[in-house]
Every structure is written in structure tokens, then in C-alpha cells.
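Visitor: no sequence on hand, only this structure:
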């Protein structure tokens, strides 16, 4: 199926990606994880993004999130749902195969942690994908939280 | 895999559901669609919800959305991402196998339509699932937008 022309600049994201990441934040113990990201399209002007992580060592399910990338006049848009009770909307820039996003809004359910702002940077080089996530949350200033390195497996 | 006890009250949602729906709104022509909803869990305290619709007749991909159900002290929580640039967070009640949700927040990307409030009611009876969606959007008052009837196929 042909990609919708609006999202062809994002074609470098398509595929299944597997790899490892690590996280830290002042309020929690550092941790490591395995990760799988899948990004696909159905011929419409968006990409479906679905991610899962598993704790290292042990393999217990850790985090997951799902959402959509699209292109707008203001740049790349990302809409994201998280099972921890968080929805994020991001707008950001596309420079070659690097996406630099900052949340323009975060919604929380009554049971969610207090996330204020999230920054997400993704870059691919061929079959490699790296990302970094920064956040302002739970009374802490905007700072590093997650980074991972994955490779395209399908 | 055992369900997390927190979400056992939502076990009636699990499965793959197929059926038909219809939509209308003052600003658009009425339309009909085929739909598939899948709802599953990974042993953690949330359900993953993923939905797709296809236009009737013709079968062209129409809408899709993905998100998570969870249970909180205030009732059922739903976090949802839509490729039209919309994120919704809902809180609502659970009465037997009927869920009545109202959005507590809606986030829009710059290219999204102006959705203000969304109501979502789902009810199951055995292997049948019906839902109704109302919304306040694009300058129109809160009113009916979508309804569908599905049956569990897996």
C-alpha cells in the first residue's frame, strides 16, 4: 500500500524496532529495559505508533504507549495515550531523520502522576533508531528521563 | 495470563469485536461503517483498546483510535489517542457491564478539528457490544454523533 504523500517525510520511521534502554529520575531508582516499537501506516495521512518495554533483568512488562504521528503546517505532530493515565500532544520539528518534539499539552486522569512537560527526540540512521525523553514531573525541573537504542528488525 | 485484580470489573470488555455503525453530525453527511475493536491485557492494571473502522460501502479505512482503560477511585478512566490530532481523557461510571464516560479533557494538535467535549457509553450483553458517542464540536452543541453494534468474534 502506498504511503499518503503528507507523511512520506516520516517514512524513515516505518518498521519494527527492537533494542535496549535505560531510565532515571530523581524520584526513582535507575532501571534498564528491553523495548519493541512498531510503526506502520494504512495509506492515510498518519503513522500508528505502538511501543512496549520489559524490565531488565526479568522480562516483566514495564511501560507501553500508543499513538499517531502526522505532519502539520507547524511541523510533526504526535498524539499519545499511556496506560498510566496520561495523554500527550506534541508539536515539533523534522530535520532529515531527526524529530524534536515538545509537549503542547498533557492530560492526566485522577490516578496519574503529575507530568507537566515532556520532550521527545527521535533520530534514525539507516536501521538504527535512538531516542531521548526529558520531562518536568512530580515537582522536579525538566530533565533527562529515558534513552534507548534500537535497530530495525522488520 | 491472569488479569490484574484492579481491572477484573472490566473483564467483560476483553476480546475482538466486529460489527457495524453509523454516524451523523450537523456539519457532515450521514455515513455507515464496519468496525473492529480489540481489547486485551498483559497482566497489568489496564486494558489496551484499539479500534478501526472502514467506510460502507467500499471498505476504505475511515477512523482509528487507540488507548487504555483503567480503574481509579473516581471510576473508569479512559486515555485515548486519535490520528486526527485529538487526545481525550475520560472518567466515568461502571454499572454492571455498562460504562458511561465523559471527557474531562481534550487536547488538539494545530491541525485538529475543534472537539470540546465527548461522551462515550459502552454496554455489553454477553457477546454483544453497543456504544454511543456524543460530542460538542466545531461550534455545535453536545449531541449524538456515532452508534454501533458489534459481536465478539475472538
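Guide: Nice, thanks for sending it over. Note that the structure is predicted; figures quoted are calculated from it, not measured.
Visitor: most centrally placed residue in chain A?
Guide: Central residue of chain A (Cα atoms, centre = their mean): residue A:120, 6.4 Å from the mean position.
Visitor: so residue A:6: helix, strand or coil?
Guide: Secondary structure assignment for residue A:6 (DSSP: H, G, I helix; E, B strand; the rest coil): helix.
Visitor: that one: how many residues sit nearby?
Guide: When counting by other Cβ atoms under 10 Å in any protein chain shown, one arrives at 14 neighbours for residue A:6. C-beta coordinates here come from the backbone N, C-alpha and C atoms, glycine included.
Visitor: now the nearest residue to it once chain neighbours are set aside: how far from residue B:34?
Guide: Closest residue to residue A:6 apart from its sequence neighbours, by Cβ to Cβ, 6 or more residues apart in numbering or on different chains: residue A:45 at 4.0 Å. Distance, residue A:45 to residue B:34, using Cβ to Cβ, to the nearest Å: 21 Å.
Visitor: what does residue A:64 give?
Guide: 27 Å.
Visitor: over to residue A:83?
Guide: Remark: distance between residue A:83 and residue B:34 (Cβ to Cβ) = 27 Å.
Visitor: out of the two, which sits in the busier spot?
Guide: Applying other Cβ under 10 Å to residue A:83 and residue B:34 shows that residue A:83 carries more neighbours, namely 23 against 18.
Visitor: contacting residues around that one?
Guide: Shown in contact with residue A:83 (Cβ atoms under 8 Å, 6 or more residues apart in numbering or on different chains): A:64-65, B:44, B:46, B:48, B:68, B:70, B:79.
Visitor: quick one: mean pLDDT for stretch A:129-144?
Guide: Averaged across stretch A:129-144, the pLDDT comes to 98.
Visitor: kindly report the same for stretch A:82-91.
Guide: Mean per-residue pLDDT for stretch A:82-91: 98.
Visitor: just stretch A:16-26 next, same as before
Guide: For stretch A:16-26, the mean pLDDT works out to 98.
Visitor: and the strands in chain A?
Guide: Per DSSP state E, chain A carries strands over the ranges A:15-25, A:28-40, A:47-56, A:61-72, A:75-82, A:86-95, A:98-108, A:115-125, A:128-137, A:140-152.
Visitor: okay, those strands, which one's buried deepest?
Guide: strand A:75-82 (a mean of 25; mean count of other Cβ atoms under 10 Å in any protein chain shown).
Visitor: and that strand with chain B, contact?
Guide: Yes: using Cβ under 8 Å from any Cβ of the partner chain, strand A:75-82 comes into contact with chain B via A:77, A:79-82.
Visitor: pull the distance from that strand to the chain's centre.
Guide: Counting by Cα atoms, centre = their mean, to the nearest Å, strand A:75-82 is centred 8 Å from the centre of its parent chain.
Visitor: same check on stretch A:65-85?
Guide: With Cα atoms, centre = their mean, you get 8 Å for stretch A:65-85.
Visitor: which residues of chain A lie near chain B?
Guide: Counting by Cβ under 8 Å from any Cβ, chain A sits next to chain B at A:42-44, A:46, A:48, A:50, A:52, A:61, A:64, A:66-68, A:70, A:72-74, A:77, A:79-83, A:85-89, A:91, A:104-111.
Visitor: my read is that residue A:145 contacts residue A:135, right?
Guide: Yes: contact criterion Cβ atoms under 8 Å: residue A:145 and residue A:135 qualify, at 5.0 Å.
Visitor: now do the shared contacts for these two.
Guide: residue A:25.
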